[in-house]
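Novice: Model the following, please.
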Amino acid sequence: METRNNRKTRTGKVVSNKMHKGIVVAVERKVVHPLYKKYFKRTTKFYAHDEKNEAGVGDTVLIMETRPISKLKRWRLVQIVAKAQ
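Specialist: Just a heads-up that it's a prediction; the model follows:
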């Protein structure tokens with residue numbers, strides 16, 4: 001990964017690859033409840049640019065923030081961390 005200022009990166013699972021040169025990545029994070037102090041999961045979906053259409057559903061990928069590529073795509077695929085079984 002080349003050095004690019006201080007861009008945000010996220011690691012998540014690919015939930016869809018039906019777009020042409022695009023994937024949807026679900027990123028999970030743990031949030032603490034303000035009153036009960038219990039941790040629970042929150043999922044955010046990011047639309048990412050996949051230039052070579054190489055990511056498949058279930059793959060764990062690393063995405064990086066980038067300039068707007070389309071109406072929803074503001075992230076791009078950096079690398080595939082683990083392929084789906």
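
Novice: how about the strands of the protein, start to end?
Specialist: With DSSP state E as the criterion, the chain has strands at 9-16, 22-32, 39-49, 60-65, 75-82.

Novice: Name every strand pairing with the first one and say which way it goes.
Specialist: In other words, strand 9-16. strand 22-32 (antiparallel), strand 60-65 (antiparallel) (DSSP bridges).

Novice: can you check the last one too?
Specialist: Pairing partners of strand 75-82, with direction, according to DSSP bridges: strand 39-49 (parallel), strand 60-65 (antiparallel).

Novice: Centre of the chain to that strand, how far?
Specialist: 8 Å (C-alpha atoms, centre = their mean, to the nearest Å).

Novice: same check, this time on the shortest one
Specialist: Relative to the chain's own centre, strand 60-65 is displaced by 5 Å; criterion: C-alpha atoms, centre = their mean.

Novice: Provide the contact partners of it at residue level.
Specialist: The contact list for strand 60-65 (C-beta atoms under 8 Å, 6 or more residues apart in numbering) reads 1, 4, 7-14, 23, 25, 46, 48, 55, 74-82. The C-beta positions use only the backbone N, C-alpha and C, and glycine is treated the same way.

Novice: Good, wrapping up.
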